[in-house]
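Trainee: 3D model of this:
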Amino acid sequence: MSLRDRLAAQIAAAGPLSVAQYMTACLHDPDFGYYATRPALGEGGDFITAPLVSQMFGELIGVWAASSWELLGRPDAVRLVEMGPGDGTLMSDVLRTLRHAPGFLEAAEVWLVETSGPLRDLQAERLPEDVQWADSLAEVPAGAPLILVANELLDCLPARQFVRTAVGWAEQVVGLDGAGELAFGLIPTPAAALLPDATPGQVYEQSAAQAALGAELGARVAADGGAALLIDYGRDAPGFGDTLQALRRHQKVDPLANPGEADLTVHADFPAVMAAAEAQGAQAAILTQAAFLARMGIGERAEALVRAAPTRSGVIGRQLNRLVGADEMGELFKVCAIHSPDWTPPAFEDAA
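Mentor: Model prediction:
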């Protein structure tokens with residue numbers, strides 16, 4: 001039985017699934033889920049992330065981590081954590097950079113929060129033996145400042161979708177059409193009173209999972225100190241829009257076709273994440289990816305790479321544009337820092 005057949009049988013027996021429930025099944029079903037069985041990153045896979053675009057991205061995250069540790073007073077113990085570490089490229093570049101930060105690696109415990117078995121295998125091939133894994137942030141020992149990064153994690157967390165109709169709000173769900181195929185539909189929602197004003201046709205996405213992560217990170221850094229850096233595509237102000245998409249071989253495909261065989265994502269809701277973190281006593285600030293990388297010195301790093309390898313100047317220029325160009329990742333992607341209130345992380349000194 002395929003995942004499609006299993007979901008169709010479940011819907012026939014118990015009723016439609018919310019979009020959040022459908023996303024969770026497609027991504028994490030232990031037998032058929034995308035991340036559980038067949039994650040495909042990179043040029044030859046289904047999607048490419050910033051660490052795979054250029055080493056500069058991970059190197060500057062490493063600079064940010066080292067600078068954060070310095071601003072925290074060079075604590076003797078620190079948890080360096082990556083959540084959703086992909087194939088390990090980002091942490092590999094971070095650790096290579098941190099070898100030039102005297103004392104950091106001696107103070108740091110390196111943890112990867114990863115639930116995908118296939119991705120853990122890739123990470124283990126690329127990273128040092130003393131890296132440790134956890135299924136959740138709660139498993140990473142508390143009691144020391146946190147320096148955490150999560151690149152393109154929020155967009156994988158499930159969201160519900162609500163549609164404003166002519167007679168009020170309805171929830172978009174996944175059900176079955178007359179032929180027994182998966183299809184989107186609308187059902188009345190008891191959450192209508194909690195949803196914002198909108199005009200008919202507008203879609204409002206709400207991710208309890210994204211907000212819960214914001215709250216967890218906020219509580220952790222408020223208690224132990226440190227900062228979490230969340231990097232993703234999404235909005236930095238409340239808004240509307242249907243952002244659910246499925247990617248396969250770098251192309252958008254029907255989210256309902258072949259469940260479990262494509263990556264499903266929604267845009268990060270940074271305002272909700274930041275509000276949840278601040279409710280736990282943390283502070284939060286946000287920049288575009290272009291602004292963050294510029295403040296961390298990506299222009300100077302690109303020039304240094306060109307000086308070292310002049311024949312690669314064209315490649316490095318294209319990589320730089322991919323990361324910071326307004327029509328590439330530079331504006332759509334945001335960088336959010338959740339931090340303890342006793343300091344401000346590098347690059348965010350005047351960010352709101």
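
Trainee: Tell me the spacing between the most centrally placed residue in the chain and M296.
Mentor: Centroid check for the chain by C-alpha atoms, centre = their mean gives L153 as the closest residue, at 2.0 Å. As judged by C-beta to C-beta, to the nearest Å, L153 and M296 stand 20 Å apart. Heads up, the C-betas are built off the backbone N, CA and C, glycines and all.

Trainee: repeat for A12
Mentor: According to C-beta to C-beta, A12 stands 52 Å off from M296.

Trainee: low-confidence ranges in this structure?
Mentor: Within the chain, the ranges that satisfy pLDDT under 70 run 38-47, 352.

Trainee: Helices along that one, start to end?
Mentor: 3-14, 19-28, 34-37, 50-53, 55-71, 89-98, 104-107, 117-126, 208-224, 270-278, 289-295, 298-308, 313-324 (DSSP state H).

Trainee: what helices or strands is the fifth one leaning on?
Mentor: Using 3 or more C-beta pairs under 8 Å, 6 or more residues apart in numbering; DSSP states H and E, the elements in contact with helix 55-71 are helix 50-53, helix 89-98, helix 104-107, strand 146-151, strand 226-235, helix 289-295, helix 298-308, helix 313-324.

Trainee: Tell me which of those sits nearest to V174.
Mentor: The closest of those to V174 is strand 226-235. By C-beta to C-beta, the value is 22.4 Å.

Trainee: CA atoms only for that closest one, dumped as CSV, please.
Mentor: This file holds the C-alpha atoms of strand 226-235, laid out as CSV (Å, rounded to 0.1, in the frame of the first residue of the first chain):
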residue,chain,number,x,y,z
GLY,A,226,22.8,32.6,24.1
ALA,A,227,21.0,32.9,20.8
ALA,A,228,19.3,31.0,18.1
LEU,A,229,19.6,32.0,14.4
LEU,A,230,16.6,31.0,12.2
ILE,A,231,17.1,31.4,8.5
ASP,A,232,14.3,30.7,6.0
TYR,A,233,12.1,32.1,3.3
GLY,A,234,9.0,33.8,4.6
ARG,A,235,7.3,36.9,5.9
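
Trainee: Identify the neighbouring strands of that strand in the sheet and state each direction.
Mentor: As defined by DSSP bridges, the strand partners of strand 226-235 come to strand 146-151 (parallel), strand 268-269 (parallel), strand 333-339 (antiparallel).

Trainee: Which one of those strands lies nearest to E139?
Mentor: Closest to E139 of the strands paired with strand 226-235 is strand 146-151 (C-beta to C-beta; 13.4 Å).

Trainee: Flag every buried residue along the closest one.
Mentor: Buried residues in strand 146-151, counting neighbours by 16 or more other C-beta atoms under 10 Å, are found at 146-151.

Trainee: Of the residues you listed, which is the nearest to G86?
Mentor: N151 (7.5 Å).

Trainee: now the buried residues of strand 146-151 in CSV, with distance to K252?
Mentor: Formatted as CSV, those follow (distance: C-beta to C-beta, whole Å):
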residue, distance to K252
L146, 35
I147, 35
L148, 30
V149, 27
A150, 24
N151, 21
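
Trainee: Hmm, F32 is touching D5, no?
Mentor: No: the pair F32 / D5 is not scored as a contact, 10.0 Å apart, by C-beta atoms under 8 Å.

Trainee: and those two? which has more neighbours close in?
Mentor: Shown here are F32 and D5; by other C-beta atoms under 10 Å, F32 has more neighbours (21 against 11).

Trainee: how much space is there between that one and A25?
Mentor: 8 Å.

Trainee: do V113 as well
Mentor: As judged by C-beta to C-beta, V113 and A25 stand 21 Å apart.

Trainee: Nice, that's everything, thank you.
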